[in-house]
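> Quick one: sequence plus predicted model below, questions after.
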Amino acid sequence: MEFGEEGLLLEPVSPGGQFFNSTVLSLAIISVLETQVPINDSQTFSLLKNVFLPINPRFSSIMVEGVDEKNKQWKRVQVKVEDHVHVPIFTSGMSLESYDTYFDEYITKIASETFPQSRPLWELHLFKYPTSHAAGHIIFKIHHALGDGYSLMGALLSCLQNAHNPSLPLTFPSLKGAKNETSSRSRVFEFVPKILSAVINGAWDFSWSILKGTWVEDDRTPIRSGVDGVEFRPVSISTLMLSIEEIKLIKNKLGVTINDVIAGTIFLGTRMYMQRMNSEKSSSQNCTALVLLNTRLAAGYKSVQEMLMEPSKSSWGNQFVFLHVPVPKSSEVSNPLDFVWEAQKIVKRHRSSSAWYLTIRLWDILKKFRGAEAVAGYIHSTLINSSMTITNMIGPLEQMALADHPIKGIYFMVVGSPQCLTITAMSYMGKLRIAMGAEKGFIDSNKLQACMKEAFQVISEAAN
């Protein structure tokens, strides 16, 4: 990909980029890097100009109308880096608890703000005050039109180094599943039933996803208000830290995956919160989670250069679909571990069905005949008719550093969604960070966090 001169139309905006930056839907990703040492911002502008901006032309481009007025394009512009960097000022010498409050309020503020379309769609915020979590916080806010979590993680890898040995690359947990030892003959006999199951399940799941994207809504519960304009209301972001080793112990005991344990914990914690806020009524109410599925063929993260060289496998951009996963009802399960097993069964079925492929084709057809705004409207309806979105990313095994600032923790959040609750999870240095973006004034973040923590303890004890 060529950078071109200022003002040159570089390339068409991807379909996903147009869907997520429309008049009906505008999503952004907030990534928070917690530093181990106080922030020294003397190199900020030079690093952005010499390291960050060259990563991808989209960081120096704005979205403009294309020639046919239906497909937008990226236009290269002169970037004034100072317009994208924000350093909030507070009274110095205050307590950690006071800065905790200021940080939470600041995150809520930037989560609620929209990007001006007249400049590239990213921001950097430096919170230079110590909190109970870190000595400082480096906050990237990047519009979802620029790419999804996979793409942006690849971009971050281009800026970050191994904290203890910069000459060594960062490594990630293997994404490969256990080796299948069954015979070739057995696999042949299993193949036909699996194909038939995928077709049947795919037809049902696809039909259900259309209904969820048009007419069928979840019940109104303590995590879903069902009112219009939720995306414009303030969001509170809280986090919870879990041990990957503890999760692995549960995984091995139950014969499931790490993602199954995470999903089961989130489902149980959500039901606990709903019941405590709305008594027993919530135990049988319909609640759907939209679980994001990465549709790339890649087995792990790639650098930006590798993404651009291998477009068929791991290209930059938005390449994911939603899996509609019903949250198990407390009235129908008696064992806490059932939430893990149900999560395994439901997600496995959805992943192996053809519904996600058919959904992508549906988006393509809608865009061709009715335009990107129609697809954005369909996605908006899908989100607002469901109760929450769950997405996760895998982080490095080693400690990272950014410009000689060791990173002690990292998490991310998707903002701008027309839902009252968004949950993300990210692993880093043997820990899992679960972040919960909850509508302020409607969801009690402290109680939700406590329920998630209790849910993990209950599952861990039941597994042992």
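It's in.

> so where is the stretch 151-300 of the chain shaky, pLDDT-wise?
175-199, 279-280, 296-300 (pLDDT under 70).

> At which residues are the helices of it located?
184-212, 244-254, 258-278 (DSSP state H, counting those that start in this stretch).

> Looking at those, which is nearest to residue 407?
Smallest distance to residue 407 across the helices of the stretch 151-300 of the chain (C-beta to C-beta): 16.9 Å, for helix 244-254. Glycine gets a C-beta too; all of them are placed from N, C-alpha and C.

> for the closest one, packing partners?
Contact analysis of helix 244-254 by 3 or more C-beta pairs under 8 Å, 6 or more residues apart in numbering; DSSP states H and E lists helix 258-278, helix 337-352, strand 431-439, helix 445-463 as its packing neighbours.

> redo that, cut-off 10 Å
With contacts defined as 3 or more C-beta pairs under 10 Å, 6 or more residues apart in numbering; DSSP states H and E, the packing partners of helix 244-254 are helix 258-278, helix 337-352, strand 421-428, strand 431-439, helix 445-463.

> Could you dump these into TSV and include mean neighbour count?
Converted to TSV, these look like this (neighbours: other C-beta atoms under 10 Å):
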stretch	mean neighbour count
helix 258-278	23
helix 337-352	19
strand 421-428	24
strand 431-439	22
helix 445-463	18
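
> Does residue 409 touch residue 31 like I think?
No - contact criterion C-beta atoms under 10 Å: residue 409 and residue 31 do not qualify, at 11.5 Å.

> Which neighbours do those two have in common?
Taking C-beta atoms under 10 Å, 6 or more residues apart in numbering as the contact rule, residue 409 and residue 31 both touch residue 426.

> Looks to me like residue 104 is in a helix.
Yes - counting by DSSP: H, G, I helix; E, B strand; the rest coil, one finds residue 104 located in a helix.

> which one is the residue nearest to the spatial centre of the chain nearest to, not counting chain neighbours?
Compute the mean C-alpha point of the chain, and by C-alpha atoms, centre = their mean the closest residue is residue 391, 4.3 Å away. Spatially, and ignoring its direct neighbours in sequence, residue 391 is nearest to residue 292 (4.1 Å; C-beta to C-beta, 6 or more residues apart in numbering).

> Could you measure from that neighbour over to residue 441?
Using C-beta to C-beta, to the nearest Å, we find residue 292 at a distance of 26 Å from residue 441.

> quick one, which of the two is more surrounded?
Higher neighbour count among residue 292 and residue 441: residue 292, with 18 against 9, using other C-beta atoms under 10 Å.

> Report the separation between the more buried one and residue 29.
With C-beta to C-beta as the criterion, residue 292 and residue 29 are 12 Å apart.

> Identify the contacts common to those two.
With C-beta under 10 Å, 6+ apart as the test, residue 292 and residue 29 both reach 148-149, 391, 414, 424.

> among those residues, which are in helices?
Judged by DSSP state H, the shared contacts of residue 292 and residue 29 include residue 149 as members of helices.

> could you dump the shared contacts of residue 292 and residue 29 to JSON lines with pLDDT?
What follows is the shared contacts of residue 292 and residue 29, written out as JSON lines (pLDDT from 0 to 100):
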{"residue": "148", "pLDDT": "83"}
{"residue": "149", "pLDDT": "77"}
{"residue": "391", "pLDDT": "93"}
{"residue": "414", "pLDDT": "96"}
{"residue": "424", "pLDDT": "97"}
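
> any chance of the shared contacts of residue 292 and residue 29 in JSON lines, with distance to residue 108 too?
Output for those, formatted as JSON lines (distance: C-beta to C-beta, whole Å):
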{"residue": "148", "distance to residue 108": "24"}
{"residue": "149", "distance to residue 108": "21"}
{"residue": "391", "distance to residue 108": "20"}
{"residue": "414", "distance to residue 108": "15"}
{"residue": "424", "distance to residue 108": "16"}
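
> and which of the shared contacts of residue 292 and residue 29 is nearest residue 260?
Relative to residue 260, the closest of the shared contacts of residue 292 and residue 29 is residue 391; by C-beta to C-beta it sits at 15.6 Å.

> Can you name the residues bridging to the closest one?
Judged by DSSP bridges, the bridge partners of residue 391 are residue 424.

> Tell me who's in contact with the spatially closest residue to residue 44 that is not a sequence neighbour.
Excluding the flanking residues, the one nearest residue 44 by C-beta to C-beta, 6+ apart is residue 85, at 6.1 Å. Applying C-beta under 10 Å, 6+ apart to residue 85 gives the contacts 41, 44-45, 48, 123-126.

> rewinding a little: could you check how far the residue nearest to the centre of the chain is from residue 412?
As for residue 391, its distance to residue 412 is 9 Å (criterion: C-beta to C-beta).

> and if you look at residue 261?
Look at residue 261 and residue 412: by C-beta to C-beta, they are 20 Å apart.

> Kindly report the same for residue 11.
Distance from residue 11 to residue 412, counting by C-beta to C-beta: 26 Å.

> And the two? Which one has more around it.
Taking other C-beta under 10 Å, residue 11 and residue 412 do not tie; residue 412 has more neighbours (25 against 13).

> Please name the nearest non-neighbouring residue to that one.
Of all residues not flanking residue 412 in the chain, residue 31 sits nearest, at 4.6 Å (C-beta to C-beta, 6+ apart).

> Pull the contacting residues for the nearest residue to residue 343 once chain neighbours are set aside.
Distances taken as C-beta to C-beta, 6+ apart place residue 263 nearest to residue 343, at 3.8 Å, with adjacent residues excluded. By C-beta under 10 Å, 6+ apart, the contact list for residue 263 reads 256-257, 289, 291, 325, 327, 339-340, 342-344, 346-347, 390, 392, 423, 425.

> Wait, residue 269 touches residue 455, no?
Yes - using C-beta under 10 Å, residue 269 is in contact with residue 455, at 3.6 Å.

> okay, and the common contacts of those two?
Common neighbours of residue 269 and residue 455, using C-beta under 10 Å, 6+ apart, are residue 339.

> Residue 373: what's it in contact with?
Shown in contact with residue 373 (C-beta under 10 Å, 6+ apart): 18-19, 22-25, 70, 366-367.

> Can you give me the pLDDT of residue 43?
Looking at residue 43, its pLDDT is 93.

> Would you list the phi and psi of the closest residue to it other than its chain neighbours?
Counting by C-beta to C-beta, 6+ apart, residue 43 lies nearest to residue 403, which is 5.3 Å off, once chain neighbours are set aside. Phi and psi for residue 403, reported as degrees, to the nearest 10, are phi 50, psi 50.
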